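[1] Pasting the sequence and the predicted model now:
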Amino acid sequence: MKEFLQRKNIIFSFKRYGVDCLGAMAQGLFCSLLIGTIIKTLGQQTGLEYLVTIGTYATAVAGPAMAISIGFSLQAPPLVLFSLVAVGGAANELGGAGGPLAVLIIAILAAECGKLVSKETKIDILVTPFVTIFAGVALSTLLAPGIGAAASSVGRLIMWATDLQPFLMGMIVSVLVGIALTLPISSAAICAALSLTGLAGGAAVAGCCANMIGFAVISFRENKWGGLISQGLGTSMLQMGNIVKNPKIWIPPILASAVTGPVATCIFKMQMNGTPVSSGMGTCGLVGQIGVYTGWVNDVAAGSKAAITAFDWIGLILISFVLPALISTLVGSFLRKIGWIKENDLKLE
């Protein structure tokens, strides 16, 4: 059995299922729901109906896009990979608000089932798609509603707690999601799976921004403008290798997130009422900020918000850029003076 599984490239490991698949799912979400929402919002704001149509098509295929991305990360054979389109659609629809988590679990199971039978018969063109789709849709019917409900419940609990205790939960959510963004897992996928929006979503945005902008500014001495852009608009995950060597370099961004989270929830009442995946993106392509703006637009259209104010914009800019840069710079300078951060500790290869 061990040799058979090895030949089928089925490896039971946390890295493969908990890191690779989660990261791939976030990319699938980005290339469908997230970019579709951005295009749709742009069309609505400019009056270009064609952009609205494009965005609608893109958001409609979020489930299949996530499933294919997960299959790709599992190195699924072509027939398995293409069959996951139907699996992703079923899991995402039946999972409801917690659809992304349902897609993650069920796409993994369906892909591995498909890989088991792939190229084992002379009628592979029939057997492999049938097994993959049948297993995936059957599992979606049985498991997706429960998985989605559980994920939504956890997300609602976090959001309820944040509304109840905005200072404490704002700090906790900001720090934890910011840490998740820098670790080799996907904060965006986690936020999407939990449908994290509202004040909790705003705190998540704050934490992600604190890590990205924080590392970008404190490492400017070593990495110059290239590092500033790649971390500030890309990902702070680039520093993971340096964090392993010297965990103290993580202190400035984490402290920044501990401050900006409560500022977001208590002072500016910043909410993420756009797509939940945006809550875990921070300043990556300015997706977090676009998500917050999209939420403002939706709230104004729904009548729950009178208008987008200057106070809103000031809060978004302070939380996303100014405060993370200022706090991280001050703390980083102090840690350099006492020797906790040394020259080239933050240098990117």
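    Received, thanks. Numbers count the residues shown, from 1 in each chain.
[2] which residues does the residue positioned nearest the centre of the chain contact?
    The centroid of the chain falls nearest to residue 188 when counting by C-alpha atoms, centre = their mean (0.7 Å). By C-beta atoms under 8 Å, 6 or more residues apart in numbering, the residues touching residue 188 are 26, 29, 30, 181, 277, 278, 279, 280, 281. C-beta: built from backbone N, CA, C; applies to glycine.
[3] Can you tell me how far it is from residue 285?
    Separation of residue 188 from residue 285 (C-beta to C-beta, to the nearest Å) stands at 11 Å.
[4] Kindly report the same for residue 56.
    Distance from residue 56 to residue 285, by C-beta to C-beta: 21 Å.
[5] What of residue 301?
    Residue 301 is 24 Å from residue 285, by C-beta to C-beta.
[6] between the two, which one's more packed in?
    For residue 301 and residue 285, the more surrounded residue by other C-beta atoms under 10 Å is residue 285, and the numbers stand at 15 against 10.
[7] Next, work out how far apart that one and residue 178 are.
    Counting by C-beta to C-beta, the gap from residue 285 to residue 178 is 17 Å.
[8] neighbours of residue 251, just the number please.
    18.
[9] Which elements pack onto the helix or strand containing it?
    If you go by DSSP states H and E, residue 251 is part of helix 251-262. Contact here means 3 or more C-beta pairs under 8 Å, 6 or more residues apart in numbering; DSSP states H and E; on that basis helix 251-262 packs against helix 166-182, helix 198-218, helix 323-337.
[10] export these to a markdown table and tack on distance to residue 19, mean pLDDT and mean neighbour count?
    Formatted as a markdown table, the helices and strands packed on helix 251-262 follow (distance: least, C-beta to C-beta, whole Å; pLDDT from 0 to 100; neighbours: other C-beta atoms under 10 Å):
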| stretch | distance to residue 19 | mean pLDDT | mean neighbour count |
| --- | --- | --- | --- |
| helix 166-182 | 11 | 94 | 24 |
| helix 198-218 | 18 | 96 | 32 |
| helix 323-337 | 25 | 96 | 19 |
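[11] give the contact list for residue 50.
    Counting by C-beta under 8 Å, 6+ apart, residue 50 touches residue 43.
[12] Tell me which residue of the chain is furthest from the middle?
    For the chain, the largest distance from the centre (C-alpha atoms, centre = their mean) belongs to residue 122, which lies 40.9 Å off.
[13] quick one: which of the contacts of residue 188 is nearest residue 323?
    Ranked by distance to residue 323 (C-beta to C-beta), the contacts of residue 188 are led by residue 181 at 16.7 Å.
[14] count of residues packed around the residue nearest to the closest one when sequence neighbours are not counted?
    Leaving aside its chain neighbours, residue 181 sits nearest to residue 187 (3.9 Å; criterion: C-beta to C-beta, 6 or more residues apart in numbering). Burial measure for residue 187: 30 neighbouring residues, criterion other C-beta under 10 Å.
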